[in-house]
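K.L.:
Build me a structure from this.
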Amino acid sequence: MKAILMVGAALLAGAAFADKVTLKSGSFLTGEAGLIQEGKLLFKSDDLGDLKIDIANIKSIDAAKNHVVQYNDNSTEEKILNIKDGELYDGKGKLDMANVKATDPAMETWHGSVHVGFNATRGNTYEDNAAIEANVNRRWEKDRLNADFGYYYGKQGKIGAGKEKTEDRWAIAAKHDHFWTAGAYNYEDLKWERDVIQDLNARYRVGLGGGYQWLDNSVFESTGKWSFKQELGVNYINEDYENNDDEKKSGFCALRYGHHLGYIPKWTDGLKFFHNLEILPEVDEWEKFLANADVGFTTKLIYDFDLIAKIEWDYNSQPANDRKKSDYRYIVGLGYQW
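P.N.:
Numbers count the residues shown, from 1 in each chain. Model (predicted):
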């Protein structure tokens with residue numbers, strides 16, 4: 001797996017401070033150096049516009065300006081960087097690119113998305129289904145914060161007859177990760193759920209645990225970018241059911257296992273596949289457990305708008321009376337990401 005080296009684009013603004021690239025052929029270019037990614041330098045030439053130059057063809061680059069180097073353990077250091085004969089150097093010598101995560105990393109900002117899905121059926125039957133999902137997240141040098149909101153509604157019936165709710169579910173969740181190394185972190189999470197169809201007035205969860213980020217948008221030359229993390233922890237769960245019987249516990253402790261898998265194919269950055277899984281078995285009663293999972297993809301449409309398609313699964317091994325253990329949702333919707 002090749003290391004990806006990102007050299008920030010904020011180099012020298014004025015003509016007197018332009019970057020100069022000298023090629024092994026003897027010719028040279030002036031302009032503004034940008035990213036180095038997958039062995040190519042993105043260079044904005046004063047005369048030729050945007051170029052991608054194979055760093056193996058570069059004899060040297062003169063860009064006498066300090067750059068921030070971010071290492072794999074997320075520590076940073078400011079230094080002067082140059083390219084000589086296809087290798088990256090600082091003022092002390094050649095840098096080991098395998099230990100460099102990025103240079104001039106982008107300023108951390110909030111990211112998020114909103115997706116809305118709706119479908120309707122009219123004719124002999126009447127059916128409406130709607131879903132609204134939102135997410136905000138941010139990554140700092142040592143911390144990561146993620147928050148989610150979801151609302152799902154459905155009703156169906158026959159034309160001229162009464163309509164029956166088939167879904168009325170709310171979910172709000174928040175999670176904080178603190179990284180101790182490039183991959184290892186501890187987390188704290190909160191979640192609130194309400195499901196009218198399952199007679200669930202409210203389910204509260206609070207938990208903590210540890211995880212490992214095995215892959216973080218890691219590039220494999222033959223396939224593309226991969227992300228994968230696994231987590232193990234403990235949660236306290238409190239449930240309030242409509243017409244709850246005395247034998248049903250309202251609060252209990254559960255173990256938690258979760259993982260996330262993400263994939264961006266090498267042939268496009270606009271298509272993203274994802275899969276999430278979470279299992280929570282009760283500590284004192286292993287046959288009682290909650291689980292949820294999803295699998296799907298998003299694809300970019302225009303500007304920051306995208307299309308999402310996914311399948312969601314929720315499982316409760318001991319649901320309320322006369323309720324099914326599994327719920328499935330099939331969601332296709334439009335969204336906006338920032």
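
K.L.:
just for this structure, where's the confidence low?
P.N.:
1-18, 34-39, 63-67, 72-74, 86, 97-98, 101-108, 122-124, 159-162, 244-249 (pLDDT under 70).

K.L.:
how does it divide up, domain by domain?
P.N.:
Listed domain ranges for the chain are 15-103, 111-337 (source: automatic domain parsing).

K.L.:
so who does N316 touch?
P.N.:
N316 makes contacts with 198, 290, 325, as judged by C-beta atoms under 8 Å, 6 or more residues apart in numbering. Any C-beta I mention is one placed from the backbone N, CA and C, and that applies to glycine too.

K.L.:
do the same with G211
P.N.:
Per C-beta under 8 Å, 6+ apart, neighbours of G211: 177, 184-187, 229-232, 258.

K.L.:
at 7 Å what do you get?
P.N.:
Neighbour list for G211: 177, 185, 187, 229-231 [criterion: C-beta atoms under 7 Å, 6 or more residues apart in numbering].

K.L.:
Repeat that for G258.
P.N.:
Contacts of G258 by C-beta under 7 Å, 6+ apart are 231, 277-278.

K.L.:
any idea which of the residues you listed has the most stuff around it?
P.N.:
With neighbours set by other C-beta atoms under 10 Å, the maximum within the contacts of G258 is found at E231, which has 22 neighbours.

K.L.:
What distance do you get for that one to E141?
P.N.:
Distance, E231 to E141, using C-beta to C-beta, to the nearest Å: 20 Å.

K.L.:
ok so, going back, what's the closest of the contacts of G258 to N57?
P.N.:
E231 (43.9 Å; C-beta to C-beta).

K.L.:
Quick check: bridge partners of the residue lying closest to that closest one once chain neighbours are set aside?
P.N.:
Distances taken as C-beta to C-beta, 6 or more residues apart in numbering place G211 nearest to E231, at 3.7 Å, with adjacent residues excluded. Per DSSP bridges, the residues bridged to G211 are Y185, E231.

K.L.:
how near is the residue positioned nearest the centre of the chain to E77?
P.N.:
The centroid of the chain falls nearest to G262 when counting by C-alpha atoms, centre = their mean (7.5 Å). Look at G262 and E77: by C-beta to C-beta, they are 29 Å apart.

K.L.:
where does K324 fall, helix, sheet strand or coil?
P.N.:
coil (DSSP: H, G, I helix; E, B strand; the rest coil).

K.L.:
which one of the contacts of N316 is nearest I61?
P.N.:
L290 (55.3 Å).

K.L.:
what would the contacts of G258 look like in TSV with distance to D54?
P.N.:
Shown next, in TSV, are the contacts of G258 (distance: C-beta to C-beta, whole Å):
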residue	distance to D54
E231	40
L277	41
E278	44
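
K.L.:
In this model G31 seems to touch S45, though I could be wrong.
P.N.:
Yes. The pair S45 / G31 is scored as a contact, 4.3 Å apart, by C-beta atoms under 7 Å.

K.L.:
So these two - more neighbours on which side?
P.N.:
Per other C-beta under 10 Å, whichever of S45 and G31 has more neighbours is G31, with 20 against 16.

K.L.:
element containing the more buried one, please.
P.N.:
Per DSSP states H and E: G31 is located in strand 28-37.

K.L.:
show me the contacts for the residue nearest to the centre of the chain.
P.N.:
227, 272, 274.

K.L.:
and if we set it to 10 Å?
P.N.:
215-217, 225-229, 272-276 (C-beta atoms under 10 Å, 6 or more residues apart in numbering).

K.L.:
now the residue nearest to E231: how far from R256?
P.N.:
10 Å.

K.L.:
ok, now N276?
P.N.:
For N276, the distance to R256 - C-beta to C-beta - is 13 Å.

K.L.:
Neighbour count: the two, which is higher?
P.N.:
Using other C-beta under 10 Å, the more surrounded residue of N276 and R256 is R256, with 21 against 16.

K.L.:
wait, isn't that one in contact with L232?
P.N.:
Yes. R256 is within contact range of L232, at 7.0 Å (criterion: C-beta atoms under 10 Å).

K.L.:
between those two, what contacts are shared?
P.N.:
G209.
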